[in-house]
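*Asks:* this one's structure only:
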C-alpha cells in the first residue's frame, strides 16, 4: 500500500502540529512529575491496579511513570516521533478514564491533587481529537535535536522512577535513626503473606521486632483506617460477633491527615481478648482496608484485603482510599 503523500505546505500548519505534540508532552510531564515526587500506587485507578502484569506493585508503578516520561522526552525533543507515542498514551488515558467515570479522582496528579475522571477526560479527549485532526504523521517536519540527545533523554526518563524510588526499602529506622528524605510508601499484599513468619513480611519494615513480637502470636489481626467507612462496618460486625474465642489485634494505619473530625470508626470489639496498636504515620500504606491476617504462632495462615466486600464494594473501597488521600468525597451508592 502506497503511503500517504505529505500534505501541501500551508503556512503554520507544521508549526501548529509540532506545537500541539510538545504541548501534550508538557501536559503528560505535569502528571508524571506529581506522581514521581509525591505519589504512590494508591493514586492509580483500580482498573490499572488490577491489571495482572507486572504483578509487583512497585515495578508496575515505576513502569507506568517510565512510560509517561519516555513520551515526554519524545514529544518535546522529537515531535516527528513523539506524536505517535503521545497519541497512543492519550488514547490509553481516555480508555482508563471512561472505565473510571464516577470515581472521586483519576489519580493523574498523584495523591495531593483531586481531578475527577470526567474533568480529565474533558482535557485528554479534545487533545487527542486535535492531534488526529492535524495529522502530524503528514505535517510534522524537521529532524529535531540530534538522535543521541533524544535517546539519552528517553533513557533518563525511563530510569528516573527507579533512581528516585520512594518505595520503602529496608526499615523506617536504621540503627534507631529514622530514615530521612522524601515520604515513602509501602505495599501490603496480605494474600501473599500466607505461610510466612510475620517478621519476614513488609510489616517488619515499619514495626521494630520488639513491637511486632509483642503482639498476640495467634488469632485475627485486622488492618483498618479511621477514615474508612468499610472499616467502620467491619469493626461493628466484629463488635457483635467476637466474644473472646480468639485474640483480636487491631492495627490502625495512621496517616498525617487523620483527625477526630474525619474519623468514622467509633465502634470496636471490646474485652481482654482485644489488643490495639498503631502503625506509624511516616509512610503511605498501599492496602485496601479492612484487611485481615489469621495468625498462628506468628505465622500468617491467611491474608485478605477488602474483607467482606463484593467486587463493586471493593472498587468503592479503593475509590475511598483515593478520596482519603486527595481530600475528595467518595461517591455514595445509589
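*Replies:* Thanks, I have the structure now. Bear in mind that the values here come from a model prediction, so they are computed numbers and not experimental data.
*Asks:* ok, then the element right after the least confident helix or strand in the chain by mean pLDDT?
*Replies:* Within the chain, confidence by mean pLDDT, DSSP states H and E is lowest for strand 177-178 among all helices and strands, at a mean of 54. Remark: after strand 177-178, the chain's next helix or strand is strand 184-187, criterion DSSP states H and E.
*Asks:* what residues sit buried inside whatever helix or strand comes next after that following strand?
*Replies:* As assigned by DSSP H and E, the chain's next helix or strand after strand 184-187 is helix 209-212. For helix 209-212, a neighbour-count test (16 or more other CB atoms under 10 Å) marks residue 212 as buried. Using the backbone N, CA and C atoms, a C-beta is placed for each residue, glycine as well.
*Asks:* mind listing residues that contact helix 209-212?
*Replies:* 198-199, 203-204, 277 (CB atoms under 8 Å, 6 or more residues apart in numbering).
*Asks:* again, but for stretch 193-202
*Replies:* 186-189, 204, 209, 212-213, 293, 295, 298-303.
*Asks:* may I see the buried residues of stretch 72-88?
*Replies:* 72-87.
*Asks:* no, scratch that, I was asking about stretch 209-222
*Replies:* For stretch 209-222, by 16+ other CB under 10 Å, it's 212, 215-216, 219-222.
*Asks:* what's the average pLDDT for it?
*Replies:* Averaged over stretch 209-222, pLDDT sits at 96.
*Asks:* and it, end to end?
*Replies:* The straight-line separation of the ends of stretch 209-222 (CA to CA, to the nearest Å) is 19 Å.
*Asks:* and it, how far out from the chain's middle?
*Replies:* Distance, stretch centre to chain centre, for stretch 209-222: 28 Å (CA atoms, centre = their mean, to the nearest Å).
*Asks:* got the contact list for residue 117?
*Replies:* The neighbourhood of residue 117, defined by CB under 8 Å, 6+ apart, consists of 45, 97, 100-103, 105-106.
*Asks:* against residue 44, how distant is residue 65?
*Replies:* Distance from residue 65 to residue 44, counting by CB to CB, to the nearest Å: 10 Å.
*Asks:* same drill for those two, tell me which one is more crowded.
*Replies:* Using other CB atoms under 10 Å as the criterion, residue 65 and residue 44 rank with residue 44 on top: 25 against 22.
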